[in-house]
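Asks: Pasted the sequence and its predicted model underneath.
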Amino acid sequence: MYHVPFIEHKFGKTFYRSKGRKSGRLPLVFLHGGPGGRSKPDSPLFELADERKVFLYDQIGGGKSTPIKKRQMTIATFVEELRILLDAWGLDECHLAGGSWGTTLALEYYLRHRGKGIRSLTFQSPMFSAFDWEADAQRLITNMTPEDQKVIHYCHEIGATDAQVYKDVSYRYYARHVNRNRKKLKEMMSNDGANPHGGEVYQTMWGPTEFKPTGTLKSYDRTADLHRIDVPVQFICGEHDEATPQTAQTYCNAIAHAKLSVIQGASHSIAAEKPKPFIRTLRRFLREQD
């Protein structure tokens, strides 16, 4: 059965879901993307609850969790929220995983708490450097038509990322590298009534578009600290991921006990596009570390 409550703390209330029973295998805590994203009630991650407890939550400011003030939209806020939740759940030790921005948060938590209580890390489609992210995007954009490339660059120059022509080009890019399931992509890009406040967090910390960070994370880069990780690490990327497998491999090479798995046919939204191979890959890694 699902357990669906709130935890109240100094930032507000955090909504979370957990499934599974306490067993001999360590729990998994998974951090969703964003910033300003939300967890999904039908997440395939809950398939792992047949052998371990699984925790998903809406990071404060997004989803069903309470909104936060602009000054609270910082990495420090989300790291502290995670610490509060782990304490409330009584998790002295767990596997920590995240997708996209969730990898940034997982990395920051690990580094700031010196790995305490973390048995392993799974980074799905990592964002460890805003500079690497933008460089990957620029390379991927060169595969688009010359007309689409002109629209992207021109709209960036004049600050017209809200123009319909820019949104149309963005959709074509997202359909290649963010979510190759067109139906789910349209749902993702529509106004999300289940996440009324998350957009402000995303705009503040990242910016208006996936291509180019302009928010408070625009100078983020933790690549020089990856060597400090001393637990087993798994990277998972989609074949067509905007967080490219090539960049993930360079991160993998910087960590002593790390490996990379590439999910064929997937882009950035791996769990939505290819849930079976994604869960199979994650399950195998977690079992190896228990």
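Replies: Nice, thanks for sending it over. Residues are numbered from 1 along each chain as shown.
Asks: what bits of the chain have low per-residue confidence?
Replies: In the predicted model of the chain, residues 1-4, 191-192 satisfy pLDDT under 70.
Asks: now do 90
Replies: 1-4, 21-24, 156-157, 159, 181-194, 196, 208-209, 211-212 (pLDDT under 90).
Asks: hey, where'd the helices end up in it?
Replies: In the chain, the segments counted as helices under DSSP state H are 75-89, 101-112, 130-141, 146-158, 164-177, 182-189, 198-205, 245-253, 270-273, 275-289.
Asks: TSV for those helices, including distance to residue 66 and mean neighbour count?
Replies: Where C-beta positions appear, they are placed from N, C-alpha and C, glycine not excepted. TSV is the format used below for the helices of the chain (distance: least, C-beta to C-beta, whole Å; neighbours: other C-beta atoms under 10 Å):
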stretch	distance to residue 66	mean neighbour count
helix 75-89	11	19
helix 101-112	18	23
helix 130-141	27	17
helix 146-158	33	14
helix 164-177	29	16
helix 182-189	23	13
helix 198-205	12	20
helix 245-253	33	18
helix 270-273	25	22
helix 275-289	30	16
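Asks: can you put these in TSV and add distance to residue 55?
Replies: Shown next, in TSV, are these (distance: least, C-beta to C-beta, whole Å):
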stretch	distance to residue 55
helix 75-89	6
helix 101-112	13
helix 130-141	27
helix 146-158	38
helix 164-177	28
helix 182-189	23
helix 198-205	19
helix 245-253	25
helix 270-273	16
helix 275-289	14
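Asks: can you tell which of those helices is closest to residue 229?
Replies: Residue 229 lies closest, by C-beta to C-beta, to one member of those: helix 101-112, at 6.6 Å.
Asks: Quick one, which of the helices of the chain gets closest to residue 222.
Replies: Using C-beta to C-beta, the nearest of those to residue 222 is helix 101-112, at 5.9 Å.
Asks: Figure out which of the helices of the chain is closest to residue 51.
Replies: Comparing those by C-beta to C-beta, helix 275-289 comes nearest, at 8.0 Å.
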